[in-house]
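Novice: here is the input, now give the coordinates:
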Amino acid sequence: MPNDRVSDGQVASPRARAAAERLAQRLARPAPLLLGHSTAARDLRRQIQAAIESNAAVLLVGAPGTGKRTVAEIIHHFAGGETPSLARVCTDVPGPIAPPEGFAFVSPIEQLSLDQQAKLRRDVGLSRLILGTRLDPDSRDGQARLSPELLRWCSIRIDLPCLVERIDDLEALVIGLLHRVPTTRPVGAISDDALGCLRAHDWPGNVSELENVITTALEVGTTTQIELQDLPAALRERDPSSPGPSAPEQEFALALAERRAVQRVMRLVRGNKRKAARLLQIGKTTLYRRLHEYDSSSG
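Specialist: Okay, the predicted model is just below:
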């Protein structure tokens with residue numbers, strides 16, 4: 001006769017045994033990975049751990065392609081309770097949204113009306129929700145399109161960094177993709193030239209864009225590593241043997257490149273000047289002066 005007793009001498013109920021089996025099955029599967037050891041990646045891991053240790057609703061804030069679904073899967077893997085899988089509710093798909101059950105990831109919530117968002121909060125029942133948004137809740141657009149009631153309910157907020165904020169993780173992310181993306185030949189590395197080319201890109205599509213680039217490189221390449229010529233033409237570095245510009249042209253090009261870099265980073269961090277100054281490795285006063293100069297020259 002099977003032993004159905006638990007450690008305190010009580011007989012485990014069929015429901016408890018089934019729940020334990022579901023938990024064991026989920027934990028037996030490989031856990032989703034958050035690759036990299038950059039400062040941004042370490043900070044993100046600490047926030048994820050806090051979400052795992054809590055039963056509260058979680059708000060994931062990040063631009064498209066920053067890995068919100070991966071973070072949701074990590075939280076579910078370690079804190080999913082009896083729920084065998086993470087329910088995915090994609091609000092980009094037209095149609096009514098059914099009340100999520102169990103452990104669900106609903107994203108992007110800004111695609112729902114404010115009334116639908118408030119209703120989502122009221123209909124959650126015993127389910128645990130992880131909500132995703134592409135908007136900064138503190139921005140004008142975020143304040144207009146995100147329900148204050150829903151935001152207050154999410155006691156844990158995790159801001160996902162853009163790929164340029166995790167540029168030190170680039171090689172680890174590439175190697176991780178090489179192990180995950182199907183290919184017809186063994187590929188286990190990336191050349192220094194190819195990696196340098198990837199580092200020079202500003203990655204507006206974040207990790208999702210990187211995955212597309214690596215997938216394409218695997219399709220066109222022929223060696224056991226990703227080579228520079230395997231990358232899309234738009235990403236390849238400029239030929240260093242071509243004639244350089246004159247001194248005045250170099251000065252103008254440098255000033256233009258600096259302005260574009262500042263403006264690009266400001267877009268990536270959605271106007272957060274403190275974050276932009278840290279990413280650009282300049283003081284906040286210098287950044288404010290540059291932004292004032294750009295505004296004056298464009299006026």
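Novice: show me what contacts the residue nearest to the spatial centre of the chain?
Specialist: For the chain, the residue nearest the mean C-alpha position is residue 66 (2.2 Å; Cα atoms, centre = their mean). For residue 66, the contact set (Cβ atoms under 8 Å, 6 or more residues apart in numbering) comprises 160, 161, 162, 163, 206, 207. The way it works is simple: take the backbone N, C-alpha and C, and place the C-beta from them, glycine included.
Novice: tell me how many other residues crowd the closest residue to the first one other than its chain neighbours.
Specialist: Beyond its immediate neighbours in the sequence, the residue positioned closest to residue 160 (Cβ to Cβ, 6 or more residues apart in numbering) is residue 62, lying 3.1 Å away. A count of neighbours around residue 62, defined by other Cβ atoms under 10 Å, yields 22.
Novice: quick one: residue 62 from residue 287, how far?
Specialist: Counting by Cβ to Cβ, to the nearest Å, the gap from residue 62 to residue 287 is 23 Å.
Novice: same check on residue 203?
Specialist: 21 Å.
Novice: could you do residue 194 as well?
Specialist: Distance check for residue 194 against residue 287: by Cβ to Cβ, it reads 32 Å.
Novice: of these two, who's got more company?
Specialist: Set side by side, residue 194 and residue 287 show more neighbours around residue 194, with 23 against 19, by other Cβ under 10 Å.
Novice: what does the one helix or strand the more buried one maps to contact?
Specialist: Secondary structure here is read from DSSP states H and E; on that basis residue 194 sits in helix 192-199. By Cβ under 8 Å, 6+ apart, the list of residues contacting helix 192-199 from outside reads 167, 170-171, 174, 190, 210, 213, 217, 225-228, 230-231, 235-237.
Novice: try it again at 6 Å.
Specialist: Applying Cβ atoms under 6 Å, 6 or more residues apart in numbering, the external contacts of helix 192-199 come out as 170, 171, 226, 227, 228, 231, 235, 236, 237.
Novice: what about stretch 48-62, how long is it end to end?
Specialist: With Cα to Cα, to the nearest Å as the measure, the ends of stretch 48-62 fall 14 Å from one another.
Novice: try stretch 125-137
Specialist: Stretch 125-137 has its terminal residues 24 Å apart, counting by Cα to Cα.
Novice: tell me which stretches of this structure form helices.
Specialist: With DSSP state H applied, the chain shows helices at 14-28, 39-52, 68-79, 114-122, 140-145, 148-153, 170-180, 192-199, 206-220, 247-268, 273-280, 284-298, listed in chain order.
Novice: ok, back up a step: which of the contacts of helix 192-199 sit farthest apart?
Specialist: 171 and 236 (18.2 Å; Cβ to Cβ).
Novice: can you count the residues close to the residue nearest to residue 206 when sequence neighbours are not counted?
Specialist: In space, and not counting its chain neighbours, residue 206 is closest to residue 65: 3.4 Å by Cβ to Cβ, 6+ apart. The number of residues packed around residue 65, counting by other Cβ under 10 Å, is 20.
Novice: repeat that for residue 195.
Specialist: Residue 195: 16 neighbours (other Cβ under 10 Å).
Novice: could you do residue 24 as well?
Specialist: The burial metric for residue 24, expressed as a neighbour count using other Cβ under 10 Å, is 9.
Novice: now swap in the one 10 residues further on and tell me
Specialist: The local packing count at residue 34 equals 16, with neighbours defined by other Cβ under 10 Å.
Novice: gap between it and residue 65?
Specialist: 15 Å.
Novice: repeat that for residue 258.
Specialist: Residue 258 sits at a distance of 26 Å from residue 65 (criterion: Cβ to Cβ).
Novice: ok, residue 83 next?
Specialist: Plainly put, residue 83 is 26 Å away from residue 65 if you go by Cβ to Cβ.
Novice: what do you get for residue 283?
Specialist: Taking Cβ to Cβ, one finds residue 283 at 30 Å from residue 65.
Novice: so what's the residue nearest to residue 160 scoring on pLDDT?
Specialist: pLDDT, residue 62: 94.
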